[in-house]
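Visitor: sequence unknown, structure follows:
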């Protein structure tokens, strides 16, 4: 997922938001994970926008991607340079209209923006978990979100919306808690990683683990594996773009120079861009979290987990209405992967709509301002609200 | 939202659809007919449309729609998943019309097919007197850029029903202009005077 983007001129801002915390799974009632390990206590950071109606029927849960956080929209402080990561979509009069809906976004378990993850202090040892943190899955992320919903006394979700790894959580929710979910919008996502996606993730992880500062994950009181994490992010960014978008954005343009010289510094704009993205990322992200979350994404396989290999069977208990969206230039989760899930949904008689948006910006297109996506989401949410 | 009044040919199709039924719209465009049926007859709708901009229009209206090729998209539906499959003014544009009809008869209990009548007097007169491929209001393209690659007459469709093996349950031969809300039924020599034919078809 890209770095934060500027606010869309369309619609208003949700204004000031506050990060909140919910802690559960106090020992001995630890949260049981899919790896059979357990963990507790677990803290989940979350933010809400809009107002919950009396019937509690206007809840929208936004699920963030790999490097996102609970800060989907608005500002913590009026002096903040940038708003939350999906401010273009979430706000009054926007695609997800906070005048109508109560929108919740929580930081995923294993991450590093307020929720329990490898950089948290393990209460049993008094030091950071590091790589003693148990392996987590997309299912575990969803289980923690479900605990948050229970805490907020919400038992019906009008719509789940998420792109990329967030889209995987959307799908997992629909399969795991079919009675709670009325509708779902998986964006630019997949029911399982292709070998290509796993390959990129593995190279990114190797970059981190090859950094001497990584020190088997034990680096919280010394130098961090910044170089490894920055390279991992650079690899990620290549997968989020496309040949088209890179050609248009960079081509072979040079950075701050008029001619090439024989040296190893960044000379092409694309090199400089990637380095910049890498350097920005290390300021806000934890290398161990990156390892755990990319692994969780690689493990995700809806058909294997819920359908003994059959995606049709995996969706058989689903009841929600779906809007599946893919992007023509997404080579990380190409359209054929979205079509596979649509096919399985159709075979189960589910009410599914599918749209492939023609966009040259690659996998990241769902985070960029787009009237088309706004209109799709607005229209779909309106129809779901009318159905209820 | 109140739906706009329908085009004359769509009005006839809409009158044939039973309330509360499940309807599949093939090449449903911006979803006008499905939207009307959803609002007025409380049907459960699904559209298939290939053009992204039209798909977005459908979803904006709250119509469930799949972006894709109609033949391909029909494959994944279970048998008799719908009460009706509607193919409005698209039959003449598909590469394999017989496959399309077979698929319609598989996924739905009944089908509605409409198309511009190539047996219309203007078509015949143009070909007879100019000796060139006819261009009419209903089929307004030149031979080299037309999407209408399978033009047919009402009589052709009758013959087709015998060959392919489906029943014609209802038919309407109409005279109307392409985007018009007005029109009339043609009872006298329909294959000569109707600009469009609409058929309700069922399984043998």
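Guide: Good, I have the coordinates. As the structure is a prediction and not an experimental result, all values here were calculated from the model.
Visitor: assign the closest residue to chain B within chain A to helix, strand or coil.
Guide: Relative to chain B, the nearest point of chain A is residue A:383 (3.0 Å; C-beta to the nearest C-beta). Yep, even glycine has a C-beta here, placed from its N, CA and C like the rest. Local secondary structure at residue A:383 is given as helix here, using DSSP: H, G, I helix; E, B strand; the rest coil.
Visitor: now for it, how many residues are close by?
Guide: Neighbour count of residue A:383, defined by other C-beta atoms under 10 Å in any protein chain shown: 21.
Visitor: settle this for me: it is touching residue B:60, isn't it.
Guide: No - using C-beta atoms under 8 Å, residue A:383 is not in contact with residue B:60; the gap is 9.1 Å.
Visitor: quick one on the thing from earlier: and the closest residue to the residue of chain A closest to chain B other than its chain neighbours, helix, strand or coil?
Guide: Closest residue to residue A:383 apart from its sequence neighbours, by C-beta to C-beta, 6 or more residues apart in numbering or on different chains: residue B:62 at 3.0 Å. Under three-state DSSP, residue B:62 falls in the coil class.
Visitor: ok, now how distant is residue B:62 from residue A:132?
Guide: 50 Å (C-beta to C-beta, to the nearest Å).
Visitor: which ones are touching residue A:212?
Guide: residue A:225 (C-beta atoms under 8 Å, 6 or more residues apart in numbering or on different chains).
Visitor: now do the residue lying closest to residue A:226 once chain neighbours are set aside, the pLDDT please.
Guide: In this structure, residue A:226 finds its nearest non-sequential neighbour in residue A:282, 4.5 Å apart by C-beta to C-beta, 6+ apart. You'll see residue A:282 listed with a pLDDT of 97.
Visitor: same check, this time on residue A:7
Guide: For residue A:7, pLDDT reads 47.
Visitor: hey, where'd the strands end up in the chain?
Guide: No chain specified, so I'll use chain A. For chain A, applying DSSP state E gives strands covering A:20-24, A:31-32, A:38-39, A:42-49, A:59-63, A:90-91, A:96-97, A:102-106, A:159-163, A:183-187, A:321-327, A:352-357.
Visitor: wrong chain, I was asking about chain B
Guide: Using DSSP E, strands in chain B cover B:22-26, B:44-49, B:65-67, B:82-88, B:108-116, B:166-176, B:183-185, B:196-203.
Visitor: between these, which gets nearest to chain A?
Guide: Among the strands of chain B, strand B:65-67 comes nearest to chain A, with 4.8 Å by C-beta to the nearest C-beta.
Visitor: can you point out the buried residues in the closest one?
Guide: Buried residues in strand B:65-67, counted by 16 or more other C-beta atoms under 10 Å in any protein chain shown: B:65-67.
Visitor: what sits against the residue of chain A closest to chain B?
Guide: Counting by C-beta under 8 Å, 6+ apart, residue A:383 touches B:59, B:61-63.
Visitor: and residue B:8, by the same measure?
Guide: Contact analysis of residue B:8 by C-beta under 8 Å, 6+ apart lists B:174, B:176, B:180-183.
Visitor: what about 10 Å?
Guide: Counting by C-beta atoms under 10 Å, 6 or more residues apart in numbering or on different chains, residue B:8 touches B:174-177, B:179-184, B:196.
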